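In: Based on what follows, work out the 3D shape:
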Amino acid sequence: MFASKAQIGLLIFTIISLLQPIKCIMFHLNAMQRKCLREELKQNVLITGEYEVAEHPGQHVKYVVTDSKGHIFSQKDDISKGKFSFISETFDVFEICFISQLNAQLRGVGNAHEVKLEVKTGAEAKNYEGIGEAAKLKPMEIELKRLEDLTDAIVQDFAEMKKREEEMRDTNESTNNRVFYFSMFSIFILLALPTWQLLYLRKYFKSKKLIE
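Out: Here you go, the predicted structure:
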């Protein structure tokens with residue numbers, strides 16, 4: 001029995017969804033500690049995050065999102081639960097940091113915060129329900145739109161991987177050529193130096209009439 005188009009579409013959608021994981025983590029943040037997560041992102045990529053931080057009296061946690069140059073894309077003090085979103089302006093490494101702070105009266109004694117963080121990028125970060133409502137799309141059309149965006153994202157990822165592979169191959173070839181020429185130069189020096197020494201010594205001994 002042949003599978004229907006809907007079943008085939010669902011299978012493809014499932015495979016593509018597995019290729020686009022959502023980053024969801026949980027960690028403990030000790031008092032007066034700073035923990036950061038780094039992610040390399042392409043240009044014009046939407047990033048959304050949802051966090052939840054366990055609260056303790058006299059303790060506060062803040063977060064800040066920066067790039068490798070220190071530019072701040074999002075930040076908030078005294079957080080407990082919320083969301084953030086931003087769009088990457090350039091291809092760069094972005095950092096999400098959570099920082100624990102204590103009131104002065106606690107004198108360095110505090111409890112560890114449990115932090116839950118869920119980060120989505122690219123097509124996974126889009127609000128397709130809102131897009132569907134605005135465009136008056138049916139549920140199947142919304143899923144097809146999401147599938148189309150995921151497919152485009154995968155194609156772009158493969159194109160980026162191919163570009164990097166070509167750059168690495170060019171670098172390897174350039175390195176191999178440099179190593180080859182350096183090796184030839186080293187061999188030439190190793191041959192020329194003893195030859196020069198031999199000729200110099202022969203001339204010196206002749207001048208001293210030690211040899212004919």
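In: Now the one residue sitting closest to the centre of the chain: closest residue in space, sequence neighbours ignored.
Out: Taking CA atoms, centre = their mean as the criterion, Glu40 is the residue nearest the geometric centre of the chain, at 2.1 Å. The shortest distance from Glu40 to any non-neighbouring residue, by CB to CB, 6 or more residues apart in numbering, is to Val93 (5.1 Å). In short, each C-beta sits where N, CA and C put it, glycine included.
In: who's in contact with the one you found?
Out: Residues near Val93 by CB atoms under 8 Å, 6 or more residues apart in numbering: 38-41, 67-68.
In: Could you please name the strands the longest strand anywhere in the chain pairs with and the direction of each pair?
Out: Using DSSP state E, we find that the single longest strand of the chain is strand 92-102. Paired neighbours of strand 92-102 in the sheet (DSSP bridges): strand 34-41 (antiparallel), strand 59-66 (antiparallel).
In: buried sites along the helix or strand following it?
Out: Next helix or strand after strand 92-102 toward the C-terminus (DSSP states H and E): strand 113-121. Neighbour-count burial for strand 113-121, counted by 16 or more other CB atoms under 10 Å, picks out 113, 115, 117, 119-121.
In: Least confident of the strands paired with strand 92-102, on average?
Out: Confidence, taken as mean pLDDT, is least for strand 34-41 of these (a mean of 88).
In: Now do the strands in this structure.
Out: 23-29, 34-41, 46-53, 59-66, 72-76, 81-87, 92-102, 113-121.
In: Could I get these in JSON lines, plus columns for distance to Lys136?
Out: As requested, these are exported to JSON lines (distance: least, CB to CB, whole Å):
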{"stretch": "strand 23-29", "distance to Lys136": "32"}
{"stretch": "strand 34-41", "distance to Lys136": "32"}
{"stretch": "strand 46-53", "distance to Lys136": "23"}
{"stretch": "strand 59-66", "distance to Lys136": "34"}
{"stretch": "strand 72-76", "distance to Lys136": "32"}
{"stretch": "strand 81-87", "distance to Lys136": "24"}
{"stretch": "strand 92-102", "distance to Lys136": "35"}
{"stretch": "strand 113-121", "distance to Lys136": "25"}
